[in-house]
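In: Predicted structure and sequence below. I'll ask about it afterward.
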Amino acid sequence: MITNQAYLFLIFILNGLIIGFLFDFFRILRKTIKTTDFVTYIQDFIFWILTGIIILYFIFTFNNGEIRLFLFLGILTGVLIYMLLFSNFIIKINVKIINFAKKILEIPVKLIIKIIRKIFFKPIAFFIINIKKSTKNITKKILNPKKM
């Protein structure tokens with residue numbers, strides 16, 4: 001009985017570690033991608049929905065749906081362990097990796113945009129400019145037929 005509860009406590013510490021990592025995932029998103037307050041609210045909502053699903057899944061899978069105080073103490077312990085030991089490291093590394101990837105991807109994306117502009121927008125702009133010139137010439141001829 002006690003070994004079963006110790007086992008459950010360790011499982012819910014793992015649950016807390018997962019929730020801490022999920023929390024940091026959203027923190028990393030906020031640090032690397034600037035978002036509006038509305039998007040932040042949506043992210044918070046998604047975080048709490050996912051956290052609830054994870055906790056309920058663990059409770060039903062490992063404890064047959066029985067809610068006990070020590071389960072929540074295990075979750076709290078796991079979150080605290082994660083925040084104190086791993087959080088700063090995980091955030092720093094991931095933010096650096098994402099910012100580095102953004103810098104690397106920025107060059108090809110700018111090149112692709114430049115190519116798309118040359119292929120699509122310059123001919124369209126050239127076509128529109130020529131249409132404007134043609135209509136301008138036609139309207140001049142229609143309005144001033146004496147100069148012909």
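Out: Now that the structure is in, tell me what you want to look at. Residues are numbered from 1 along each chain as shown.
In: mind checking how far stretch 84-98 is from the chain centre?
Out: In terms of CA atoms, centre = their mean, to the nearest Å, the centre of stretch 84-98 is set 16 Å apart from its chain centre.
In: which stretches of this protein have low pLDDT?
Out: Along the chain, segments meeting pLDDT under 70 span 145-148.
In: For the residue positioned nearest the centre of it, which non-adjacent residue is spatially closest?
Out: Note on the chain: the residue nearest the mean C-alpha position is Leu29, at 5.2 Å, using CA atoms, centre = their mean. Leaving aside its chain neighbours, Leu29 sits nearest to Gln43 (6.8 Å; criterion: CB to CB, 6 or more residues apart in numbering). Heads up, the C-betas are built off the backbone N, CA and C, glycines and all.
In: For that neighbour, what is the enclosing helix or strand?
Out: Element membership for Gln43, per DSSP states H and E: helix 37-63.
In: Now do the contacts for the residue nearest to Leu29.
Out: Counting by CB atoms under 8 Å, 6 or more residues apart in numbering, Gln43 touches 26, 29-30, 35.
In: Buried residues in the helix holding Gln43, which are they?
Out: 43, 47, 50-51, 54-55, 58-59, 62-63 (16 or more other CB atoms under 10 Å).
In: before we move on, the earlier item: distance of the residue nearest to Leu29 from Asn94?
Out: 16 Å (CB to CB, to the nearest Å).
In: Quick check: Ile55 touching Ile75?
Out: Yes. Contact criterion CB atoms under 8 Å: Ile55 and Ile75 qualify, at 6.8 Å.
In: From Asn130, how far off is Phe62?
Out: Plainly put, Phe62 is 72 Å away from Asn130 if you go by CB to CB.
In: Repeat that for Asp44.
Out: Per CB to CB, Asp44 is found 53 Å from Asn130.
In: what does Ile46 give?
Out: In terms of CB to CB, Ile46 sits 51 Å off from Asn130.
In: now do Tyr57
Out: Distance from Tyr57 to Asn130, by CB to CB: 64 Å.
In: Check Thr61 too.
Out: Thr61 is 69 Å from Asn130, by CB to CB.
In: again with Leu22
Out: 57 Å.
In: do Ala6 as well
Out: Using CB to CB, Ala6 is found at 81 Å from Asn130.
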